[in-house]
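Chemist: Requesting a structural model of the entry that follows:
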Amino acid sequence: MISKHFALLPVLFLVPLIAAGFSIDLTTHGDLADRGDTITEAGTITFLGFEGGFYGIISDDGKHYDPINLDERFQVDGLRVQFELKILEGYLGIHMWGAIVQIISMEVLQG
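Modeler: Reported below is the predicted structural model:
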């Protein structure tokens, strides 16, 4: 009987974390948008096939960024972009792949 209850404990701890990863509404979490550093760099959009599949950004210096608001037109594996990001300090994501970021601006690099 006790083992059934212990089996539920991981689920009880994971549900809030998973829900936090889907919490993207910056109007209710505006304080998150106000924290963290702003970064301007170039990099490559990359499709990652784990955790249901998602697009991340690998900067030219090798840093991984997990954007919460990557526009559909930039969701192209291998696309070279120039970007300005705000790192969302203290934000938990479900991918566990890179820094959670909000894209401030992005443009495609030619060539």
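
Chemist: Report the next helix or strand after the worst-scoring helix or strand of the chain on mean pLDDT in sequence order.
Modeler: For the chain, counting by mean pLDDT, DSSP states H and E, helix 30-33 ranks last in confidence among helices and strands (a mean of 45). The C-terminal neighbour of helix 30-33 among helices and strands, as given by DSSP states H and E, is strand 38-48.

Chemist: just checking, what packs against that following strand?
Modeler: If contacts are counted by 3 or more C-beta pairs under 8 Å, 6 or more residues apart in numbering; DSSP states H and E, strand 38-48 sits against strand 54-59, strand 80-87. The C-beta positions use only the backbone N, C-alpha and C, and glycine is treated the same way.

Chemist: Determine the angle, from 0 to 180 degrees, between the first one and strand 80-87.
Modeler: If I follow you right, that is strand 54-59. Angle of strand 54-59 versus strand 80-87, following axes from the mean of the first three to the mean of the last three C-alpha atoms, to 10 degrees, is 100 degrees.

Chemist: quick one: strands adjacent to strand 54-59?
Modeler: Looking at strand 54-59 with DSSP bridges, its partner strands are strand 38-48 (antiparallel), strand 64-67 (antiparallel).

Chemist: coming back round to it: indicate which one of the helices and strands packed on strand 38-48 is closest to residue 66.
Modeler: Ranking these by proximity to residue 66 (C-beta to C-beta) places strand 54-59 first, at 5.4 Å.

Chemist: Alright, calling it a day.
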